[in-house]
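Chemist: Any chance you can model this:
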Amino acid sequence: MEKIAILIDSASDIDLDLAKKLNVYFLPLYVNLDSEYFKDREEISPDQFYDWIRKHNSLPKTSTASPADAIKKYEEIKADGYNKVIAISLSSKFSSTYNLMNMAKIDGLESYVFDSANLSMAEGFFAIYAQKLIDEGYSFNEIINKLEEKKNDSKVFFTIDSFKYIVEGGRVPRSFGKIGDALSIKPIITVNPIEGVFKLYKMARGEKKLLKELRHLAEKEIDNVKDYYIFLCHGGYEEGMDKLENKLSDIIANAKDYLKIQISPTLGANTGPGLYGFGLFKLD
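Modeler: Take a look at the predicted model:
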């Protein structure tokens, strides 16, 4: 008989409490502050992390989990009585976590690593969806196929206060930063699910216009979509997320599931404080 576990990394923005509630396993990535490594969310909270960035005005380093961490997690899953695991990773273009999960093998535990080609809760929603499929009695292979079919249906859109961190981290071309700083405009950034990389979607001058654009974008994404999950996120800027929540209140009210999250330290190291946005997972 199949007994299937779900493993998610901390870049999914599924926090420890939600992971426990969902009954999914959690693999923390690492953030390096002052030459000391901390396990994402387990040893450093998002609030502590963003306070550190503001104080030091510098870009922290991040790293994936170690091979020993991954093996230990798989051993824990097997010891809990599971014989199969679906590991969901952030985009392989952003991190070596996907490769790490693939290399970590133990006898008696069949594994499949799903490259979400995304991050934040746009990755995390795959874990929520997969656990739902397990509860509904789908087989290991059926769940894998359904996840692959949904790769283009999970989206995240966010804005940032400054291009400084995302440019320094090498995630977007430096020309983006020069344009944004020169014109004092705010970007809307997404992740291209085909390539698994950041994409500049649009720019807006001023927060009022930015919120209007985000509203139009959400409306466009759910057009002719019956059921969906939605999340709002922030990275050290809860006020921005609250403004967006007000702007999207009716869209949120019609969602099958709604989550509010703070971006994890390992993601925040690449975007800096001042981020907020939303994401959708289309169920039908």
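Chemist: C-alpha from now on. contacts and neighbour counts both.
Modeler: Will do.
Chemist: Okay, now the unreliable bits of the stretch 151-284 of the chain?
Modeler: Applying pLDDT under 70 to the stretch 151-284 of the chain flags residues 167-184.
Chemist: Helices of that one, start to end?
Modeler: 164-168, 174-183, 207-222, 238-247, 249-253, 265-268 (DSSP state H, counting those that start in this stretch).
Chemist: Run through the neighbouring helices and strands of the strand or helix carrying residue 69.
Modeler: Counting by DSSP states H and E, the element that carries residue 69 is helix 67-79. On a contact count with 3 or more Cα pairs under 8 Å, 6 or more residues apart in numbering; DSSP states H and E, helix 67-79 meets strand 25-27, helix 97-103.
Chemist: Excluding chain neighbours, give the residue nearest to the residue nearest to the spatial centre of the chain in space.
Modeler: Note on the chain: the residue nearest the mean C-alpha position is residue 120, at 1.1 Å, using Cα atoms, centre = their mean. Excluding the flanking residues, the one nearest residue 120 by Cα to Cα, 6 or more residues apart in numbering is residue 12, at 4.3 Å.
Chemist: mind listing what the one you found touches?
Modeler: Counting by Cα atoms under 8 Å, 6 or more residues apart in numbering, residue 12 makes contact with 89, 90, 119, 120, 121, 122, 123, 124.
Chemist: for the third one, helix, strand, or coil?
Modeler: So the one you mean is residue 119. Of the three states, residue 119 takes coil under DSSP: H, G, I helix; E, B strand; the rest coil.
Chemist: Count the residues that sit near the nearest residue to residue 99 once chain neighbours are set aside.
Modeler: Distances taken as Cα to Cα, 6+ apart place residue 92 nearest to residue 99, at 7.5 Å, with adjacent residues excluded. For residue 92, the neighbour count with other Cα atoms under 10 Å is 18.
Chemist: residues in contact with residue 92?
Modeler: Here residue 92 is in contact with 98, 99, 115, 117, 196 (Cα under 8 Å, 6+ apart).
Chemist: next one: residue 148
Modeler: Taking Cα under 8 Å, 6+ apart, we find residue 148 in contact with residue 114.
Chemist: same thing with residue 29?
Modeler: 9, 10, 11, 39, 40, 62, 63, 64, 65, 266.
Chemist: Who does the fifth one form a beta bridge with?
Modeler: So the one you mean is residue 40. Beta bridges link residue 40 to residue 44, judged by DSSP bridges.
Chemist: In three-state terms, label the residue lying closest to residue 102 once chain neighbours are set aside for me.
Modeler: Ranked by Cα to Cα, 6+ apart and with sequence neighbours excluded, the top spatial neighbour of residue 102 is residue 113, at 6.1 Å. Under three-state DSSP, the three-state class of residue 113 is strand.
Chemist: So the residue nearest to residue 99 belongs to a helix, correct?
Modeler: No - under three-state DSSP, residue 92 sits outside any helix and is assigned coil.
Chemist: hmm, back to that, and the contacts of residue 92, which two are the farthest apart?
Modeler: Comparing all pairs in these by Cα to Cα, the longest separation belongs to 99 and 196, at 14.6 Å.
Chemist: Tell me which of these two has more neighbours.
Modeler: Shown here are residue 99 and residue 196; by other Cα under 10 Å, residue 196 has more neighbours (19 against 13).
Chemist: List the residues that contact the more buried one.
Modeler: So residue 196 contacts 91, 92, 93, 94, 117, 118 (Cα under 8 Å, 6+ apart).
Chemist: same check, this time on residue 119
Modeler: 11, 12, 90, 91.
Chemist: Tabulate these (JSON lines), appending distance to residue 159 and pLDDT.
Modeler: Shown next, in JSON lines, are those (distance: Cα to Cα, whole Å; pLDDT from 0 to 100):
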{"residue": "11", "distance to residue 159": "18", "pLDDT": "96"}
{"residue": "12", "distance to residue 159": "18", "pLDDT": "97"}
{"residue": "90", "distance to residue 159": "19", "pLDDT": "96"}
{"residue": "91", "distance to residue 159": "19", "pLDDT": "96"}
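Chemist: That'll do, ta.
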